[in-house]
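**Student:** coords below, sequence missing:
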């Protein structure tokens, strides 16, 4: 009952954060005009910015936060590593390498092309990680080792390209910032992949409860460990790949939100995954609003604000020994 109430509280908090994301920004729009625009769609000076920029940006921040939060919970569950985040499996490195390679080959592609390239790179990297790890049994340790090795290789390729080509460096530098955009094309490109990934994540919570007993015990109880791991890695790839493709690598979020979720849910992944997803969405929206407000007339990127807020919070949890174990 308490866990269900926590879900309701998170949904209400996210709704408030969505309203704040539309209402506040680098340009001040009167509150009354904001409410009228949302209720009736009336024309006004602030309306184009509200609908064309802030509303798109809010929806993108919402789905990206859901995706990275759920992916972080799945990653820590499958690797059994409390310090793991989706980047540990080489997915961020695959997306970055694809974006840099696209800039090197095609010049300076647009945001939509970068999104598609990054998503393809993330999916290929995830498939390679699972393929490499499955050779030795697809255990949590081999997933981590395969991801670390692939990350090193892809990072080396990306570094080589950006050092010899100025256009690749400019594209990578712009994309690697980790910021929520207001591009509708990027939103609609990422949305179907994130929806599919969230569906796999919902199923993955049940699988992780069984896998947490150990691969041998899961197999003895009738579980198909290889299928469960493949489903989990595919879900992580879709969620992290689409989110990273749309907004660049928003680091740290996938690491911290599962720990926040476990503080309220305990070790049950059927609750950890949805709590992590909702907490991720809330943090992204709140940090994006803070970044727009504190740096007017410019803005601070959401990844920067998130690290400044989330880092001390995680250290405080560790200091007070409230950091739950896997």
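**Tutor:** That came in fine, so what should we check first? Because the structure is predicted, anything quoted here is derived from the model rather than measured. Numbering: from 1, shown residues only.

**Student:** May I ask which helix or strand encompasses residue 17?
**Tutor:** Residue 17 belongs to helix 2-23 when elements are defined using DSSP states H and E.

**Student:** Pull out the buried residues from that helix.
**Tutor:** 6, 10, 13-14, 17-18, 20-23 (16 or more other Cβ atoms under 10 Å). Bear in mind the C-beta positions are built from the backbone N, C-alpha and C, glycine included.

**Student:** Lowest-confidence member of those, which is it?
**Tutor:** Looking at the buried residues of helix 2-23 by pLDDT, the weakest one is residue 23, with 78.

**Student:** sec struct for the closest residue to residue 301 other than its chain neighbours, please.
**Tutor:** Spatial nearest neighbour of residue 301, chain neighbours left out: residue 179 (4.1 Å); criterion: Cβ to Cβ, 6 or more residues apart in numbering. Classification of residue 179 by DSSP: H, G, I helix; E, B strand; the rest coil places it in coil.

**Student:** Can you give me the pLDDT of residue 179?
**Tutor:** pLDDT for residue 179: 77.

**Student:** I figured it hits residue 249, correct?
**Tutor:** No - checked against Cβ atoms under 8 Å, the pair residue 179 and residue 249 is beyond contact range at 10.6 Å.

**Student:** what residues do those two have in common as contacts?
**Tutor:** residue 303 (Cβ atoms under 8 Å, 6 or more residues apart in numbering).

**Student:** who has more neighbours, those two?
**Tutor:** Neighbours per residue (other Cβ atoms under 10 Å) separate residue 179 from residue 249, with residue 249 holding more: 23 against 19.

**Student:** ok, so what distance separates the more buried one from residue 79?
**Tutor:** 18 Å (Cβ to Cβ, to the nearest Å).

**Student:** what's the answer for residue 261, then?
**Tutor:** From residue 261 over to residue 79 (counting by Cβ to Cβ), the distance is 16 Å.

**Student:** Pick out whichever of these two has more residues nearby.
**Tutor:** Each of residue 261 and residue 79 has its neighbours counted (other Cβ under 10 Å); residue 261 has more, 27 against 22.

**Student:** Report the secondary structure state of the residue nearest the centre of the chain.
**Tutor:** Nearest to the geometric centre of the chain sits residue 68, at 2.2 Å (Cα atoms, centre = their mean). Using three-state DSSP, the structure places residue 68 in helix.

**Student:** For it, list the residues it contacts.
**Tutor:** Contacts of residue 68 (Cβ under 8 Å, 6+ apart): 86, 239-240, 243, 250, 253-254, 257, 280, 284.

**Student:** Closest one of those to residue 63?
**Tutor:** Nearest to residue 63, judged by Cβ to Cβ, of the contacts of residue 68 is residue 243 at 7.8 Å.

**Student:** ok, the closest one to residue 196 distance?
**Tutor:** Distance of residue 243 to residue 196, computed by Cβ to Cβ: 13 Å.

**Student:** neighbour-wise, which of these two wins?
**Tutor:** A direct count of neighbours by other Cβ under 10 Å for residue 243 and residue 196 places residue 243 higher, at 37 against 15.
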